[in-house]
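> return atomic coordinates for the entry below.
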Amino acid sequence: MTAFNDTQTGWHDDAARDAVEVMRRAHAAELALCDRLEEIADSLPNGLDRRNCILAARALGQTMAKIHRFEEQRIFPHFCASLGHSVEAAETVERLKNEHLEDEGSAAELRDALRFAARHGVADNPETLGFMLRGYFGAVRRHVAFERDRIVAHLVPPG
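As a prediction, this is how the structure comes out:
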């Protein structure tokens, strides 16, 4: 099975097309969260917005895990199939799944730190929180860029 065929209609698999569209919206949400996290990091140590911390903490919750499960269950199988279940495809998917686990672990720690900051109006340790925020949104932005360049670009028909 390939993600697209050579006919003028384009997509071979409507499910793959629909999944890619959902993934694009998920990427937009992830990048919007990264922007919010960067705003929080830039506001440290004295300009902390409690509401912004609460909203970011909520987004770091189940939403991120749901996006990851969607990619793993709906996108990655299409990607692997489109590459004939090659070793390269399997290695790429394994890498991305490992990054999902790392990101979810970091998100849990960050969520706790943001909730603390929201409750108290100040970060427990502004330098540590800033480091955590920048590390997280930097990793997520790189992850999204890789998925766009490698996964989405492969599944989307040319033109």
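> so where's this structure shaky on pLDDT?
1-12, 158-159 (pLDDT under 70).
> so for stretch 147-159, what gets flagged as buried?
Of the residues in stretch 147-159, 147, 151, 152, 154, 155, 156 count as buried by neighbour count, 16 or more other C-beta atoms under 10 Å. For every residue, glycine as well, the C-beta is placed using N, CA and C.
> got the contact list for stretch 101-116?
Contact with stretch 101-116 is made by 37, 40, 53-54, 56-57, 60-61, 64-65, 68, 123-124, 128-129, 132-133, 135-136, 139-140, 143, as judged by C-beta atoms under 8 Å, 6 or more residues apart in numbering.
> spatially, what comes nearest to residue 53 if we skip its sequence neighbours?
Nearest non-adjacent residue to residue 53, counting by C-beta to C-beta, 6 or more residues apart in numbering: residue 118, 4.0 Å away.
> ok, which stretches of the protein are strands?
In the chain, no segments count as strands under DSSP state E.
> hang on, the earlier thing: narrow the buried residues of stretch 147-159 to those in helices?
With helices defined by DSSP state H, the entries of the buried residues of stretch 147-159 inside them are 154, 155.
> let me know the closest of the buried residues of stretch 147-159 to residue 84.
For those, the minimum distance to residue 84 (C-beta to C-beta) is 12.2 Å, reached by residue 154.
> state the distance from that closest one to residue 20.
Relative to residue 20, residue 154 is positioned 10 Å away (C-beta to C-beta, to the nearest Å).
> go on, residue 103?
20 Å.
> swap in residue 76?
In terms of C-beta to C-beta, residue 76 sits 12 Å off from residue 20.
> for residue 122, grab phi and psi.
The phi and psi values for residue 122, taken as degrees, to the nearest 10, are phi -150, psi 150.
> grab the nearest non-local neighbour of it.
residue 48 (6.3 Å).
> now for residue 52: which residues touch it?
Under the criterion of C-beta under 8 Å, 6+ apart, the contact partners of residue 52 comprise 36, 39, 40, 43.
> same thing but 6 Å
Taking C-beta atoms under 6 Å, 6 or more residues apart in numbering as the criterion, residue 52 is in contact with residue 40.
> repeat that for residue 141.
residue 34.
> quick one: it from residue 49, how far?
Going from residue 141 to residue 49 by C-beta to C-beta gives 21 Å.
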